[in-house]
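Undergrad: need a 3D model of the sequence below.
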Amino acid sequence: MDFLDDSTEGEVLDARVKPGTVRIILADSQAIYRVGIRKVFALEDDLRVVAQADSLENLRLAVERFPSDVVLLEGSLLAGTANVIPELLRVAPDLKLIVQAVAADESHTVELYRRGVRGIISRSISPDLLVRCVRRIAAGETWIDNQSVNWVIEAYRSQASALVSPRTQPRLSPKEMAIITCITQGKRNKEIAFQLNTTEQVIKNYLRKIYDKLGVSDRLELALYCLHNKIIQADADEELVAHKVVGS
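TA: Numbers count the residues shown, from 1 in each chain. Sure thing, here's the model as predicted:
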């Protein structure tokens, strides 16, 4: 496995970072691509690569060894390995996964988001957009383009209509309902915290509990679930709400 510090290849990385720094693992079979991405992140004070891996096996070891916030993962490494994402998330439940794809594919895109991926990006993404994506996802957002939003919505509708026995609706507290309503309005955690007179960390803690209660993995799935099951009433339809959530 390739563990790097900020200067010399081959040395074990000093994993200590400043509070608030986003810790990133690069998982890519192409060394030249890893070097280029690492240089992009090196220009940002709040982003740091804590480990690199050239295979899924090495990625598993890196996730176990190095506390991290985000994994930037080459999509080709996932070929024929459907259970890798859930396995990684079992080891590190708070880890956010970004997949780099060569081309968009409807069924594969939907499956990746269902399994817990937080973002799918092109291999040719610009450096500025990549940095923005990593920061957004590290903050708990989902990175998804308009086409993928529509694919996810259609897949969710098909799945929901096929259920013979819907899940029993869990009980949600007034504050949880207020947070869900804010999510469907496209508000970010900072805005929700201000509206509810609390902190962003408290909102994050509530969201984790809400996700667990409803069996969803992110803001988009939360919004679609609540709209479909009429947990909340919204003035807009699923597509408009989904675009608000993604754009938040």
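
Undergrad: can you classify Leu88 by secondary structure?
TA: helix (DSSP: H, G, I helix; E, B strand; the rest coil).

Undergrad: repeat that for Val71.
TA: Going by three-state DSSP: Val71 is strand.

Undergrad: ok, it touching Ala27?
TA: Yes: Val71 lies in contact with Ala27 (CB atoms under 8 Å); the separation is 6.0 Å. In short, each C-beta sits where N, CA and C put it, glycine included.

Undergrad: now do the shared contacts for those two.
TA: Common contact partners of Val71 and Ala27 (CB atoms under 8 Å, 6 or more residues apart in numbering): Leu59.

Undergrad: could you pull out the strands in the chain for me?
TA: Assigned by DSSP state E, the chain shows strands spanning 22-27, 47-53, 70-74, 96-101, 119-122.

Undergrad: any chance of CSV for those strands, columns mean neighbour count?
TA: Shown next, in CSV, are these (neighbours: other CB atoms under 10 Å):
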stretch, mean neighbour count
strand 22-27, 23
strand 47-53, 24
strand 70-74, 24
strand 96-101, 22
strand 119-122, 20
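
Undergrad: can you say which of those is nearest to Gly140?
TA: strand 96-101 (8.0 Å; CB to CB).

Undergrad: could you point out which residue ranges in the chain have low pLDDT?
TA: 1-16, 82, 157, 159-169, 234-239, 246-248 (pLDDT under 70).

Undergrad: how is it carved up into domains?
TA: 22-144, 167-247 (automatic domain parsing).

Undergrad: can you check which of those domains gets nearest to Tyr156?
TA: Once the domains of the chain are compared by CB to CB, domain 167-247 is nearest, at 5.0 Å.

Undergrad: hmm, back to that, for Gln195, find the nearest of the strands of the chain.
TA: strand 96-101 (24.8 Å).

Undergrad: what angle sits between that closest one and strand 22-27?
TA: Interaxial angle, strand 96-101 versus strand 22-27 (axes from the mean of the first three to the mean of the last three CA atoms, to 10 degrees): 40 degrees.

Undergrad: packing partners of strand 96-101?
TA: Applying 3 or more CB pairs under 8 Å, 6 or more residues apart in numbering; DSSP states H and E, one finds that strand 96-101 contacts strand 70-74, helix 84-91, helix 106-115, strand 119-122, helix 127-138.

Undergrad: one more time with 6 Å
TA: strand 70-74, strand 119-122 (3 or more CB pairs under 6 Å, 6 or more residues apart in numbering; DSSP states H and E).

Undergrad: export the ones you listed to TSV and tack on distance to Arg60?
TA: Output for the helices and strands packed on strand 96-101, formatted as TSV (distance: least, CB to CB, whole Å):
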stretch	distance to Arg60
strand 70-74	11
strand 119-122	20
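
Undergrad: could you point out the longest helix of the chain?
TA: Longest helix in the chain, counting residues (DSSP state H): helix 146-162.

Undergrad: number of residues surrounding Glu64?
TA: 11 (other CB atoms under 10 Å).

Undergrad: for it, which non-adjacent residue is spatially closest?
TA: In space, and not counting its chain neighbours, Glu64 is closest to Val91: 5.9 Å by CB to CB, 6 or more residues apart in numbering.
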